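1. sequence first, then the predicted structure, then my questions.
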Amino acid sequence: NEEGTPSAGSTIYVDATNGDDDQADVGTAADKAYKTLEKAVTAAVSGDTIRLSEGKYSTYGNASPKKSLTFVGAESGKTEWYIGSPTPDQQKEGTEYNGDYSFDGCKNITFQKIKFNVYPSNYKGFIRIDNVVLDECEINGFSTYWGSQTTTFRKTVFNCFSDYALWYYTGHEMTFDGCTFNNKGKIVHAYREGPAEKPLVLNFKNCTVNNTAHNK
């Protein structure tokens, strides 16, 4: 590969505060980070890891890269990712319109150590990723969708104060392992529309539910 060109399995760096998209060898080290997440995703190839510094990020409205990628946040826990439209259309509430298609058609997407903020609206989540893994993440708000085949949450904290912590809307297997739910209502709503090609499986192990409404 040419200098500065990623190969599968490379690590690409993004720093929303101090990055510079136009510098030489951009993305190849923490002190040569991209500023713009979209540009880093475009440069990546399947199998790459994108490391995000402290800061606020979103891919909403971007074209899907159709790649399998891993995103890793800062150890400080101050990497925030905003899912969905920042200006949801209330006239289209209850539809997919307000969802996030920025990884539509990707096979495997993994997130680690990222704080997700879901803009207040129904049907918010990443739509049509085959398999999703969240590891040591935090989700603030009521999310939907996730993996259209499988989703795995490991040591993830759900902070939600609406009807549910999340809806599992499309896939056939969801795993919660060592997760914590801070909620005042119901926890997980798992369902699918139309005929089921596979049984719907929920694996729920070693989790803690802090439910102020005692409505599980």
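-> Noted; the coordinates are in hand.
2. use CA for all of it now, contacts and neighbours both
-> Will do.
3. next, count neighbours for the nearest residue to Gly19 once chain neighbours are set aside.
-> Of all residues not flanking Gly19 in the chain, Lys35 sits nearest, at 3.9 Å (C-alpha to C-alpha, 6 or more residues apart in numbering). Counted by other C-alpha atoms under 10 Å, the residues lying close to Lys35 total 22.
4. could you check how far Lys35 is from Gln23?
-> As judged by C-alpha to C-alpha, to the nearest Å, Lys35 and Gln23 stand 10 Å apart.
5. now do Asn211
-> 49 Å.
6. which of those two has more neighbours?
-> Neighbour count, other C-alpha under 10 Å: between Asn211 and Gln23, Asn211 has more, with 16 against 11.
7. confirm Asn210 sits in a strand?
-> Yes: applying DSSP: H, G, I helix; E, B strand; the rest coil, one finds Asn210 inside a strand.
8. list the contacts of it.
-> By C-alpha atoms under 8 Å, 6 or more residues apart in numbering, the residues touching Asn210 are 180-183.
9. show me what it bridges to in the sheet.
-> Beta-bridge partners recorded for Asn210 (DSSP bridges): Asn182.
10. same question for Ile139.
-> Beta-bridge partners of Ile139, as defined by DSSP bridges: Phe116, Phe158.
11. how about the residue nearest in space to the middle of the chain, secondary structure?
-> In the chain, the residue lying closest to the centroid (C-alpha atoms, centre = their mean) is Phe111, at 6.1 Å. The three-state label given to Phe111 by three-state DSSP is strand.
12. what is the burial count for Tyr101?
-> Tyr101 sits with 22 neighbouring residues when counted by other C-alpha under 10 Å.
13. could you do Glu197 as well?
-> 7.
14. show me the shaky parts of the chain.
-> Low-confidence segments of the chain, defined by pLDDT under 70: 1-8, 94, 122, 193-196, 213-216.
15. do a quick rundown of the helices in it.
-> Along the chain, the stretches classed as helices by DSSP state H are 37-43.
16. before we move on, the earlier item: out of the contacts of Asn210, which is most surrounded?
-> Neighbour max across these (other C-alpha under 10 Å) = Asn183, 24 neighbours.
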